[in-house]
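Engineer: Output the structure for:
(2 chains)
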Amino acid sequence: MVAVAATESVFETVNAVYVSESRRVLATLIRLLGDFDTAEEALHDAFRAALEQWPRDGVPSNPRSWLVSAGRFKAIDGLRRRARFDPLDEAGAAADIAVEPDLWTGDESVEDDRLRLIFTCCHPALAPDAQVALTLREVCGLRTEEIGQAFLTPAPTLAQRIVRAKAKIRDAKIPYQIPSREELPARLDAVLRVVYLVFNEGYAASSGATVTRHDLSGEAIRLGRLVVDLLPEPEAIGLLALMLLHDSRRAARTSPAGDVILLDDQDRSLWNRQQIAEGARLVRQALSTSGFGAYAIQAAIAAVHAEARDGAATDWREIVGLYDVLLRLNPSPVVELNRAVAIAMRDGPEAGLALVDAILARGDLGDYRLAHAARAELCRRLGRTADARASFERALTLTKQEPERRFLERRLAGLSK
Amino acid sequence: MKYLCLVYLESGKLHAVPDGECMACGDGLRKSGKLLAAEPLYPVETATTVRVRNGAVSVTDGPFAETKEQLAGFYLIDARDLNEAIQVASKIPPAREGSIEVRPVRELNP
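Structural biologist: Residues are numbered from 1 along each chain as shown, chains lettered A, B, ... in the order given. Predicted coordinates:
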C-alpha cells in the first residue's frame, strides 16, 4: 500500500482505475461468479468498497486484483446471506477486503477473460442486434442510453434486448470460453462482423440527420484494436486497417453544412495521415500472412485510394485487380458493383455501365440505392441525360439518409436540361 | 445439461435422408454417452394439438402452427454446454435438409 493520499486525489484515482480496469475486472468476475448480472453487481460493490477503503488505507499496489477480490468476496457474501435469509449485517458489510493471492489475476488469464467475454457477447446463438448491444454494454462499457442514442433505438428496447441475451446465455448455457482452434475461424468471423457493424453504424449511419456518428466509429476502432491485441489473426488486423483507412477520411467526407463530398472532390489535406500510415502498415502485415481474407483485401483497396496524391493519380488497374481477388473470396453483387465502378475508372464509363446494367438486369440490386446512383453517374458522364435522371430519381426514392438525399437532389438539379 | 434437438423438414424431404444414416447417427451418439432418446415422427398430418382453456380441453387437428417445415423427429441429448449441443446437432443428418432447433431442457421447480 502506498501512503495515504488526500481524499480528493484518491477519488480521482478510483475514477481513473474505473476507466482503465472496470472491463477487465468484469470479465474476470463473470468467469469466477459464472453469471453476468451477479458479476456486474459485484463490480459495483467492489468500486463502492474502494471508495470507502482506499482513502483510509491508501491505493493498493495492484488495484485490479484488489477489485477482483473485493467483488468476489462481496458476491459470495451476498449469496451466503441470501441463503441464510440473514438481515443485512452492517459489521459484515463493512468488513475490510483482504486481497487474495494473485492466482487468477495474472496478465495472461486476465487477457483470456477479456477474450472469453468478447466471444460470449458475439456468440452466434444470440440475435445479431443483441450481440451488438451486449458487446457495447459489457466489453466497451457504454451505458444503455448511450447505445440507444447511437443506434436511434429507445433505451428500454435496448435494455430488453440485453436482458434477453443474458437470459439466453444463462438458460441455454452458452459457455464462457475461447473457442477451440477448429471453431475459431467461424467464431472470430462473428466477432469481426459485430465490430464492423458498429463501425458502419457510426461511419455511414443508415438513417438519420448526420452522415457519421463519430462515437461509434471510434468505439469500433478501439474494439478492433483490443481484438488485434488479444488475437492477432490476419483478418482481425485486416479489419482494423480497413476501419482506420475509412475513418482517416472522416473530416473530408462531409462539408461544414453536413453535405456528402465524393472521394474525388475531397480535400485530401484533411485526411488523417497518421491513420493512413498505420492502416497501410497493417494491410501489409495482414497480406504477408496466408490467412488473409475479405477485410484485408478491402483494406488494401482503401489503402490504394488513401495513398494516391489526387483522384487522377489513383491506380485503378491495381484496384480492379484487388476487386477480382475480393470477388473470388467473397462473391456478392455489391462487390461486383464496386468492381464495375473501378472498371469504369480504368476503361471508361461505357465499359462500367455495361457491367452495372448486367447486374441490375439480373434483379440482384434492384432496391440498392447505390447501384442506381452509380448507374446515374455513368449515364451522366456519357451524356445520356434522360437515363441519368431516371436513375437518380430511383436512387432518391430508396435513400433514407438526409445528407444523401440532398446530394442526389443536387446531382439531379445539375443535369443539363 | 440436457438439450432437445428438434428436427424440422419440409414435407417433400421427410425421406430425403436414408433411415440407415439416422440409425448410424443415433448409434454413434449412444456410444458416446450423449444420447438420451431419439425418435422419428410420422408426418405432420397425424399431429393433434391439445390445449386447455378455462379448464376445458380443446383438441384440434394439426400442428401448433402452419409452417413450411414440420417437426420430423427429435434427439434428447446430454451436452456440457450449448457449444457442444450445437456441435452434436450439426451432425444430425437432416440438419442439411431442414433445420434442427436446439432447446435447453428446463428443470421443473416444484
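Engineer: what about the residue in chain B that chain A sits nearest to, distance to A:L188?
Structural biologist: Closest residue of chain B to chain A, CB to the nearest CB: B:D81 (4.0 Å). Just so you know, the C-beta spots here come from the backbone N, C-alpha and C atoms, and that holds for glycine as well. Counting by CB to CB, to the nearest Å, the gap from B:D81 to A:L188 is 19 Å.
Engineer: What parts of chain B come near chain A?
Structural biologist: Residues of chain B found near chain A (CB under 8 Å from any CB of the partner chain) are B:1, B:80-83, B:86, B:102, B:104, B:106.
Engineer: Which ChimeraX command selects the buried ones in those residues?
Structural biologist: Per 16 or more other CB atoms under 10 Å in any protein chain shown, the buried members of the residues of chain B next to chain A correspond to this ChimeraX selection:
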select /B:1,81,82,83,86,102,104
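Engineer: Which pLDDT does the model give residue 49?
Structural biologist: Since you didn't name a chain, this refers to chain A. Predicted confidence (pLDDT) for A:A49: 95.
Engineer: Sorry, I should have been clearer: chain B.
Structural biologist: B:T49 is assigned a predicted lDDT (pLDDT) of 76.
Engineer: Can you classify it by secondary structure?
Structural biologist: Here B:T49 is recorded as strand under DSSP: H, G, I helix; E, B strand; the rest coil.
Engineer: how about low-confidence regions in chain A?
Structural biologist: A:1-7, A:85-108, A:204-214, A:417 (pLDDT under 70).
Engineer: Let me see the contact set for the residue in it positioned nearest to chain B.
Structural biologist: Of all residues in chain A, the one sitting closest to chain B is A:P175 (4.0 Å; CB to the nearest CB). A:P175 makes contact with A:120, B:80-83, according to CB atoms under 8 Å, 6 or more residues apart in numbering or on different chains.
Engineer: Filter those down to the ones in strands?
Structural biologist: Secondary structure defined by DSSP state E assigns none of the contacts of A:P175 to strands.
Engineer: Out of the residues you listed, the closest to A:V334 would be?
Structural biologist: Closest approach between these and A:V334, by CB to CB: A:T120, at 30.5 Å.
Engineer: And the strands in chain B?
Structural biologist: Taking DSSP E as the test, the strands found in chain B are B:2-10, B:35-40, B:48-53, B:56-61, B:69-78, B:99-104.
Engineer: can you give me how far the longest one is from the chain middle?
Structural biologist: This means strand B:69-78. In terms of CA atoms, centre = their mean, to the nearest Å, the centre of strand B:69-78 is found 1 Å from the chain centre.
Engineer: Alpha carbons of it, as CSV, please.
Structural biologist: Provided in CSV are the C-alpha atoms of strand B:69-78 (Å, rounded to 0.1, in the frame of the first residue of the first chain):
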residue,chain,number,x,y,z
GLU,B,69,-41.1,-27.1,-42.2
GLN,B,70,-42.6,-29.6,-39.8
LEU,B,71,-41.3,-31.4,-36.8
ALA,B,72,-39.9,-34.6,-38.1
GLY,B,73,-38.2,-36.1,-35.1
PHE,B,74,-36.1,-35.3,-32.0
TYR,B,75,-32.9,-36.2,-30.2
LEU,B,76,-32.8,-35.7,-26.4
ILE,B,77,-29.1,-35.3,-25.7
ASP,B,78,-26.8,-34.6,-22.8
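Engineer: mean confidence score for it?
Structural biologist: The pLDDT scores in strand B:69-78 average 91.
Engineer: list the helices and strands it packs on?
Structural biologist: Under the contact criterion of 3 or more CB pairs under 8 Å, 6 or more residues apart in numbering or on different chains; DSSP states H and E, strand B:69-78 touches strand B:2-10, helix B:19-31, strand B:35-40, helix B:82-90.
Engineer: quick one on the thing from earlier: how about the strands of chain B in a markdown table, adding distance to A:V335?
Structural biologist: Below are those laid out as a markdown table (distance: least, CB to CB, whole Å):
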| stretch | distance to A:V335 |
| --- | --- |
| strand B:2-10 | 32 |
| strand B:35-40 | 42 |
| strand B:48-53 | 47 |
| strand B:56-61 | 49 |
| strand B:69-78 | 32 |
| strand B:99-104 | 28 |
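Engineer: out of these, which comes closest to A:A39?
Structural biologist: Counting by CB to CB, A:A39 lies closest to strand B:99-104 out of these; the figure is 21.0 Å.
Engineer: and the direction of that closest one versus that of helix B:82-90, what angle?
Structural biologist: 150 degrees (axes from the mean of the first three to the mean of the last three CA atoms, to 10 degrees).
Engineer: If you count contacts, what does strand B:99-104 end up packed against?
Structural biologist: Here strand B:99-104 touches strand B:2-10, helix B:82-90, going by 3+ CB pairs under 8 Å, 6+ apart.
Engineer: Can you pull the residues of chain A lying near chain B?
Structural biologist: Chain A comes close to chain B at residues A:123, A:125, A:171-175, A:177, A:179, A:183, as judged by CB under 8 Å from any CB.
Engineer: Quick check: the farthest pair among the residues you listed?
Structural biologist: Greatest spatial distance in these: A:D171 and A:E183, 21.6 Å, computed using CB to CB.
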